[in-house]
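In: Need a 3D model of the sequence below.
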Amino acid sequence: MVRFLPLSEAVAENLNDGDSVAFEGFTHLIPTAAAHEAIRQEFSDLTLIRMTPDVVYDQMVGMGMAKKLVFSYAGNPGVGLLRRLRDAVENGFPRPVEVEEHSHAAMANAYEAGAAGLPCAVFRGYRGAELARVNPNIRRIACPFTGEELAAVPALRPDVSFIHAQKADLKGNVLIEGIVGVQKEAALAARRAVVTVEEVVDDFDDLHPNLCILPHWTVSAISVVPGGAHPSYTHGYYARDNAAYLEWDGIAADRDAFRAWMEEHVLQAVPEDFARRVETLRADR
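Out: Next up, the predicted model:
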């Protein structure tokens, strides 16, 4: 049964050291507040899963929380590389991190297979690609009906998935609008799902029935965190903070500057700070 909890409790009750965990969001609705709470609680030995790791995973890797990444693209969107991730991969600082790289198609299909309770995803892909040379989890399989050679990857079944969304209703159903990405599949594939939302409303009776809605029985906990996707955007609520992404490149380039920024903006911060950070980015509603 879904529970409405403060973010600190939702994270503490659903995330454990050594878990495989997805903090999913695609372009917008990135669950930054949830990731920052996980950093504050100092979880370790995590396998971080995400289709497009960006600044959030750079921060988690830089804080030494990750032992492995499963991903399909890693970068500071519109800016360049992830400097803390690169330092970990190339120099083992602050700890070595294992990487398992896939295509976007493979990740999306693997989440969908996990949501369906299947052991693997089978799809057309990786033709002409060389990722299989460095990723033993990319296999080939023959279709039993046509003999066509297809790609296969293990299903993704995170111990817990964190996503951000616009709204939850009083029953705990969750509404996602705009670019959906794989948030729905990541939540359904996980053993536990935690959602941060901008607001709670009475019901969704006045909304189109075909909007993406996660039913309450698929969600473990909901936390109300206005602005919780910053510096990414939340469709209909606030815009993307492009300046923050540009600023991050310089911060992450230096180990001491990174640590100082994390101390001020994450370790000593609280979820309520996110609402203040998006005040000037609010969209007309």
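In: So which bits of the helix or strand where residue 184 lies are buried?
Out: Element membership of residue 184 [criterion: DSSP states H and E] is helix 183-189. The neighbour-count check on helix 183-189 (16 or more other C-beta atoms under 10 Å) flags 183-189 as buried. For every residue, glycine as well, the C-beta is placed using N, CA and C.
In: Show me what the helix or strand following that helix is in contact with.
Out: Moving toward the C-terminus from helix 183-189, the next helix or strand (DSSP H and E) is strand 192-201. Strand 192-201 is touched from outside by 4, 7, 10-11, 14, 31, 33-34, 159-170, 174, 186-187, 214, 218-228, 234, 237, with contacts defined as C-beta atoms under 8 Å, 6 or more residues apart in numbering.
In: quick one: which of the residues you listed sit in strands?
Out: 4, 160-169, 174, 214, 221-224 (DSSP state E).
In: buried subset of these?
Out: 160-169, 174, 214, 221-224.
In: just those residues now: which is nearest residue 130?
Out: residue 161 (29.7 Å; C-beta to C-beta).
In: residues contacting the closest one?
Out: 21-24, 186-187, 189-190, 192-194.
In: Just the buried residues of those.
Out: Applying 16+ other C-beta under 10 Å to the contacts of residue 161 flags 21-24, 186-187, 189-190, 192-194 as buried.
In: Thought residue 190 was touching residue 214, still the case?
Out: No. Using C-beta atoms under 8 Å as the test, residue 214 is too far from residue 190 to be in contact (11.4 Å).
In: Does anything pack onto the lowest-mean-pLDDT helix or strand in the chain? Which helices or strands?
Out: The weakest-scoring helix or strand in the chain, judged by mean pLDDT, DSSP states H and E, is strand 212-214 (a mean of 88). Using 3 or more C-beta pairs under 8 Å, 6 or more residues apart in numbering; DSSP states H and E, the elements in contact with strand 212-214 are strand 174-176, helix 183-189.
In: For residue 151, find the nearest of these.
Out: With C-beta to C-beta, the closest approach to residue 151 among the helices and strands packed on strand 212-214 belongs to helix 183-189: 17.8 Å.
In: pLDDT averaged over that closest one - what is it?
Out: On average, the pLDDT along helix 183-189 is 96.
In: is it possible to export the helices and strands packed on strand 212-214 to CSV including distance to residue 272?
Out: Formatted as CSV, these follow (distance: least, C-beta to C-beta, whole Å):
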stretch, distance to residue 272
strand 174-176, 21
helix 183-189, 24
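In: quick one on the thing from earlier: now tell me what touches the least confident helix or strand of the chain from outside.
Out: Contacts of strand 212-214 (C-beta under 8 Å, 6+ apart): 165, 173-177, 180, 184, 187-188, 193, 195, 204.
In: re the thing from before, what does the helix holding residue 184 contact?
Out: Counting by C-beta under 8 Å, 6+ apart, 22, 24-26, 29, 49, 108, 111-115, 155-158, 161, 163, 165, 176, 193, 195, 212, 214, 218-219 sit against helix 183-189.
In: For the protein, just list every one of the strands.
Out: According to DSSP E, the strands that the chain contains are 3-4, 20-23, 46-50, 66-71, 98-101, 120-123, 139-142, 149-154, 160-169, 174-176, 192-201, 212-214, 221-224.
In: would you list those strands in JSON lines and tack on distance to residue 269?
Out: What follows is the strands of the chain, written out as JSON lines (distance: least, C-beta to C-beta, whole Å):
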{"stretch": "strand 3-4", "distance to residue 269": "22"}
{"stretch": "strand 20-23", "distance to residue 269": "17"}
{"stretch": "strand 46-50", "distance to residue 269": "20"}
{"stretch": "strand 66-71", "distance to residue 269": "21"}
{"stretch": "strand 98-101", "distance to residue 269": "29"}
{"stretch": "strand 120-123", "distance to residue 269": "38"}
{"stretch": "strand 139-142", "distance to residue 269": "43"}
{"stretch": "strand 149-154", "distance to residue 269": "36"}
{"stretch": "strand 160-169", "distance to residue 269": "17"}
{"stretch": "strand 174-176", "distance to residue 269": "25"}
{"stretch": "strand 192-201", "distance to residue 269": "15"}
{"stretch": "strand 212-214", "distance to residue 269": "28"}
{"stretch": "strand 221-224", "distance to residue 269": "15"}
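In: Thanks a lot, see you next time.
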